[in-house]
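Engineer: predicted model and sequence below, questions to follow.
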Amino acid sequence: MGKLDNKIALVTGAGRGIGREIALTLAREGADVVLNARNLPNLDQVAAEIAKLGRRGLPVAADISRKPEVESLVNSAIETFGRIDILVCNAGITRFAPFLEMTEEDWDLVVDVDMKGTFLCGQAVARHMVPRKYGKIINISSTSGLGARNETMANYAASKAGVNNLSRVMALALGPHGINVNVVAPGVIRSEMGLTRRTPEEYEAYMALYRRQTALRRVGEVQDIANAVLFLASDESSFITGQVMVCDGGLKDGLLR
Ligand code: NAP
């Protein structure tokens, strides 16, 4: 028996990295999973892997920063499965620039996907959860949302701090309807995201720096985050809501460059 037998989950940003691993982990525990990202080919591959686990994966392309696309994503999920029990709002992007050089476009892009996208998905899905008096919402933020760690991340740090507090308010609003809302805040996790602004050599140097700055002396793996999400998606965490679960290997305070 799985921890999520016959549950229906929706995972945004499920095409690669952390979101892909979350989707596979939920499926291994018995859930059928609606898989979202902007590009279908990656989602099709994840759906094929989920089919091998004996569960159903439904790929739906949508940009979570656009309300009509979020509505059509949620409608597709409801039309196919009739309900959504678990929402994991994981999709996120970065656009790094020193504060004085950050453009309005870079600011808007990151805030729109990372923070507004979390609001749009949470609201659209919660409207279907409320009448059923059941739901688990897990938003993915970042340790960047907990303090000032890097001066090139104003857009990202502000968005992720916003996700943390948005989630606390969602927990207050949705708790009376039987819906838990929590956050997983990852530290540095090995995924393609970290390579977007670095050469492979710079990336390895960054990983080495992170290892030295954490109590557990290691970088996170995507499964570490999927395990935390699984706990918050299961009924084992039924009395936990409005919390930010930091999953960073014990990062010391200070700047990460
Ligand atoms: P990733 O490897 O870059 O994957 C991001 C996923 O999100 C992709 O599937 C991408 O697919 C999708 N996506 C991007 N923009 C989207 C949009 N507008 N609408 C829908 N889907 C979109 O990132 P990751 O490392 O797995 O990170 C996942 C989450 O963890 C993010 O929220 C990130 O901020 C957070 N996080 C990551 C780390 C880390 O070290 N990796 C640390 C802290 C927090 P498409 O491009 O096809 O849309």
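Structural biologist: Noted; the coordinates are in hand.

Engineer: the most centrally placed residue in the chain: what's it in contact with?
Structural biologist: In the chain, the centroid-proximal residue (Cα atoms, centre = their mean) is residue 90; its distance is 1.8 Å. By Cβ atoms under 8 Å, 6 or more residues apart in numbering, residue 90 lies in contact with 11, 12, 13, 14, 18, 19, 22, 140. (Glycine included, C-beta is placed from N, CA and C.)

Engineer: please report how far it lies from residue 105.
Structural biologist: Distance, residue 90 to residue 105, by Cβ to Cβ, to the nearest Å: 24 Å.

Engineer: how about residue 249?
Structural biologist: With the distance defined as Cβ to Cβ, residue 249 ends up 34 Å from residue 105.

Engineer: more crowded one of those two?
Structural biologist: Counted by other Cβ atoms under 10 Å, residue 249 and residue 105 do not tie: residue 249 has more neighbours, with 20 against 9.

Engineer: may I ask you to confirm that the more buried one belongs to a helix?
Structural biologist: No: per DSSP: H, G, I helix; E, B strand; the rest coil, residue 249 lies outside any helix segment and is coil.

Engineer: the helix or strand bottoming out on mean pLDDT in the chain near the ligand at all?
Structural biologist: Taking mean pLDDT, DSSP states H and E as the measure, the chain has helix 200-212 as its least confident helix or strand, at a mean of 91. No: no part of helix 200-212 sits near the ligand under the criterion Cβ under 6 Å from any ligand atom; the closest distance found is 9.0 Å.

Engineer: what's in contact with that helix?
Structural biologist: 187, 188, 190, 194, 195, 198, 217, 218, 219, 251, 256, 257.

Engineer: how many neighbours does the fourth one have?
Structural biologist: Other residues within reach of residue 194, judged by other Cβ under 10 Å, total 18.
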